[in-house]
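# What follows is a predicted protein model with its sequence.
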Amino acid sequence: MPELNTKRTSSPQDTRLYAVTTIALLVALLFTRSYSYLLFHSLAEMMTVAFAFTIFLLAWNTLDTIENDYVKVICIGFAAAACIDLIHTLAFKGMNIFTGFDANLPTQLWILENLLNNAFRYTPSDGAVLLDVRREKNLLCMEIRDNGIGIPEEEQKLIYEAFYR
């Protein structure tokens, strides 16, 4: 088996350059908000989609070296959430891509993404997460079923509270 190269390949100057570039991009993103909220929202959402797909690709390409099956579940969950987040971004008011729906579609997709993330997060590695999305007349019906730990009945009224769980 060939020996792995474990030498550090980046210098402190490279690290500073990456940090400065990242900060500059974030500041530019914040300035776009004053110019156009739609542009700001689209760029911010695309960054989260890119981040989620990056995590998916990293996890997927290391599956043969990681023995934990839970990584597969999280990996697929990030990919699914990224796809829904991309559709959420394209459905945002002002994008004019999904014309047959009202302004509630992006909110519904955002809720779907959060529910799907929680389903993947709290389902055991040998569990199942089922997603059913269908259109009935002018309604988009979404149903997520899983065999995770669930939410106790007394806490279910809190699921729409900010930062709950």
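Everything's here; your move.

# Just the helices from this protein, written as ranges.
According to DSSP state H, the chain carries its helices in the segments 12-35, 37-61, 70-90, 104-122.

# of these, which approaches residue 159 most closely?
helix 104-122 (8.9 Å; C-beta to C-beta). All C-beta atoms are positioned from the backbone trio N, CA, C, and that covers glycine.

# elements contacting the closest one?
When contacts are defined as 3 or more C-beta pairs under 8 Å, 6 or more residues apart in numbering; DSSP states H and E, helix 104-122 packs onto helix 70-90, strand 129-136, strand 139-146.

# Next, the buried residues of the first one.
The reference is to helix 70-90. 71, 73-75, 77-90 (16 or more other C-beta atoms under 10 Å).

# Between helix 104-122 and that helix, find me the angle.
170 degrees (axes from the mean of the first three to the mean of the last three C-alpha atoms, to 10 degrees).

# which residues are in contact with helix 70-90?
41-42, 45-46, 48-49, 52-53, 55-56, 59-60, 62-63, 95, 97-98, 106, 109-110, 112-113, 116-117, 119-121, 123-125, 127, 129, 131 (C-beta atoms under 8 Å, 6 or more residues apart in numbering).

# Just the buried residues of the residues you listed.
The buried subset of the contacts of helix 70-90 - by 16+ other C-beta under 10 Å - is 41-42, 45, 48-49, 52-53, 55-56, 59, 106, 109-110, 112-113, 116-117, 119-120, 123, 129.
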